[in-house]
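below is the sequence, then the predicted model.
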Amino acid sequence: MNELPNVRQPLIIAVALAYFAVVVLISVWAARRTRTASDFFVAGHGIGLVALTVASVSTSVSGFAFIGGPGLIYSIGLGAMYIVLPASVTNVMGAWVLAKRMRLLGEARALMTVPDAIGARYRSPAAQGLSAVAILVGIIGYMATNALAMGVVIDAIFGVGLAWGIWIGMGVTLAYSVAGGILAGIYVDVFQGTLMAAASVLVFVFVLKVGGGLGGISERILAADPGFLGPWGKVTPLAALSFFFVFGLGSLGQPQGVHKYYMLKDPLQLKWYPLLKTLGLILVLLLYFGVGVGVKSLVAGGELAPLPKPDAATPTFLLGFTPVLLAALVFSGVAAATMSAVNSFINIAAAAVTHDLPVAFGRALDNELFWGRAATAVVAVAAALLAQFSGSMVAFLGIFGWGLFACTLVPALAIGLNWEGATRAGAIASIATGLVVTLVFETLAYFGTYTFPTGVAISGLSLVLSILVFFGVSWLTRADAASQLDPDVRLVMSV
Amino acid sequence: MAKRYALFALLAGTLMIAAAYASAFLPGGAPGWSGWAMALGIPAVLVSVMVLGAARGERGVGRLVYPFAFSGLVLAAGFALALGLPANEAAGATLYLGLPLRAAIIIYGIGLFPIVVLPIAYALTFSEQTLNAGDLERVRLAGEEWARARAAAGAPSAETAPRPAGEAEAIHTGAAR
């Protein structure tokens, strides 16, 4: 998302300002309720089912689903759908594999972070510390990319320039992150997610209306570019299925999603969580699919000129074919979605710095709430500076975030919490493998030192390698497995 | 036993995906079978991970065996049909719910069928297979026991600090009290 068309119009600016005002009100309310580190990092384990579900949907999609995703469909056709299609199984898979175990670990030990769970599972400060390092490395990239995206969207709405866009967005995010911690983030997500779900449905209805239904859209595309609607779009089967694998299994390693399991007030409410979250995601993703194929159809039918760049798909459709109020809601929602993603990552990074790493070194901090707020500010400023001054490097940093989380956390956390035969050595080896392989391969690919074959996703390759290392090392050290489980953790793994 | 099968399927599925990636490094690029290896490996991995998470003791996955089998079949059959059916995407092609056949299989089959089955199966079997008030109480008691044992062992007050190796065994055997 390097540049968006200018969307400055009085109503769009007014809606964006109203949006920010609501965010400020929520953060003031949340700040009054944030008194402990547990409040700050996991909302005091006190979030209800509906709020958690809507917030989780918001965190899952970020700005990519509204700008980058439709643009990707416009570029490569149905191949881009393999990024979101796994949602048909990932939410319920996460519920079976992680939600119960994480929430029960939170119940038994008042855990707050993803590395906490790894540390408790393997009784290993080293595994906890290493996973915190992996999360920090991944977050640096994600944060900088989202900060840049935030700046791009705010600049498109207000015309303040990219640098001011980054700092205004980061300032608003920082204000509610420092004051209200994750509680503010959750309720901003609820507000933003609800509006975006409604806006997404409305945009999809406009797409169908403008295109003459899905059949009309398909007919126009098939007449001009049949490969676009092939089952793999414009990419190879291997590449499309790689997307499915990485975004399917990899969802179990995304700390911004997994971390939320701790926050549910009553673990028994998990019963309806996957159904509600999946339905919510489908609504929000209607825009992803609809705008992608809708704009392609308009271009194929000659009603729109070919886009100068794929990311223009959503702004072009909204400004040309929907009421300006709907466009305003989506643009504000995109800005809010990037801020929401930044808030989640700031919170997780702050927890890694002020909680996980000190615990790993045996030096837990006394006042985690104070240090959490301080770390939040430092991390946010660092991300904004990185986004502003790192040039093209920010794109490189953003590439590997999802894959890095997947290959460092899926084996040790998702498989490890469900397999008593996993060992501490296996967990540490798999985290280290994921970290090193991802960084080395992505660096080689980015600088053109080595070109990976068509269809090979580096994140997929790294995930496969870290899983195999996890199994291999756990098997070699299997004699230690039983002695590395505490009784309460064993119980959590068996219920 | 269900977990053992799931681990085997997870490893087998991962190896199939690894083989697909490895084949892409061969001279001439990925051979035709690489897509098939992914198409079978991915459902194996995803369903086995779900089984691993859902299985409980001797009971295994209970009634969930049906939704899991259904989902695995839908994913594998959907990918296989997309790979195996002849391309018919062209102007004037028959559309199914607005999409050409292979696209409809992917979007509606892979993207929507599992949604109809899995989350509902999760909710319907929740108290017997996933979590109930009795489980919750047992975990709370185990957590309290852990905290008491930890306090008795003179560990730092931070509840979340992982214990060094050997301490749990000592607590478990009572040596640390």
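Now that the structure is in, tell me what you want to look at. Numbering: from 1, shown residues only, chains lettered A, B, ... in the order given.

ok, and the closest non-adjacent residue to the residue most central in space within chain B?
Centroid-nearest residue in chain B: B:Val49, 2.3 Å away (criterion: C-alpha atoms, centre = their mean). Of all residues not flanking B:Val49 in the chain, A:Val97 sits nearest, at 5.8 Å (C-beta to C-beta, 6 or more residues apart in numbering or on different chains). Heads up, the C-betas are built off the backbone N, CA and C, glycines and all.

repeat for A:Val153
A:Ala335 is the one closest to A:Val153 (C-beta to C-beta, 6+ apart), at 4.6 Å.

ok, the one you found - how many residues close by?
Neighbour count for A:Ala335, taken as other C-beta atoms under 10 Å in any protein chain shown: 29.

try B:Pro86
Neighbour count for B:Pro86, taken as other C-beta under 10 Å: 6.

next, it: secondary structure please.
Put simply, B:Pro86 is coil when judged by DSSP: H, G, I helix; E, B strand; the rest coil.

distance from the chain centre to the helix or strand encompassing A:Ile166, please.
Using DSSP states H and E, A:Ile166 sits in helix A:162-211. How far helix A:162-211 lies from its chain's middle: 13 Å, per C-alpha atoms, centre = their mean, to the nearest Å.

ditto for stretch A:286-294
Per C-alpha atoms, centre = their mean, the centroid offset for stretch A:286-294 relative to its chain is 20 Å.

what does stretch A:222-231 give?
The gap between where stretch A:222-231 is centred and where its chain is centred comes out at 30 Å by C-alpha atoms, centre = their mean.

what is the burial count for A:Ala374?
A total of 15 residues lie near A:Ala374 under the criterion other C-beta under 10 Å.

spatially nearest residue to it, not counting backbone neighbours?
Spatial nearest neighbour of A:Ala374, excluding adjacent residues (C-beta to C-beta, 6+ apart): A:Thr354 at 7.8 Å.

domains of chain B?
B:2-130, B:134-173 (automatic domain parsing).

same question for the first one, mean pLDDT?
Summarised as a single mean, pLDDT over domain B:2-130 is 95.

next one: it to chain centre, how far?
Distance of domain B:2-130 from the chain centroid (C-alpha atoms, centre = their mean) equals 11 Å.

span of it from start to end?
Taking C-alpha to C-alpha, to the nearest Å, domain B:2-130 runs 15 Å from one end to the other.

returning to what we had before: wondering if the helix holding A:Ile166 reaches chain B at all.
No. Using C-beta under 8 Å from any C-beta of the partner chain, helix A:162-211 stays clear of chain B, with a minimum separation of 9.1 Å.

neighbours around B:Leu81, how many?
Residues lying near B:Leu81 (other C-beta under 10 Å) number 17.

who's in contact with the residue nearest to it when sequence neighbours are not counted?
Nearest residue to B:Leu81, sequence neighbours excluded (C-beta to C-beta, 6+ apart): B:Ile105, at 5.1 Å. By C-beta atoms under 8 Å, 6 or more residues apart in numbering or on different chains, the residues touching B:Ile105 are A:Pro231, B:Gly78, B:Leu81, B:Ala82, B:Leu85.

how about JSON lines for these, with distance to A:Val137 added?
Converted to JSON lines, the contacts of B:Ile105 look like this (distance: C-beta to C-beta, whole Å):
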{"residue": "A:Pro231", "distance to A:Val137": "35"}
{"residue": "B:Gly78", "distance to A:Val137": "35"}
{"residue": "B:Leu81", "distance to A:Val137": "40"}
{"residue": "B:Ala82", "distance to A:Val137": "36"}
{"residue": "B:Leu85", "distance to A:Val137": "43"}
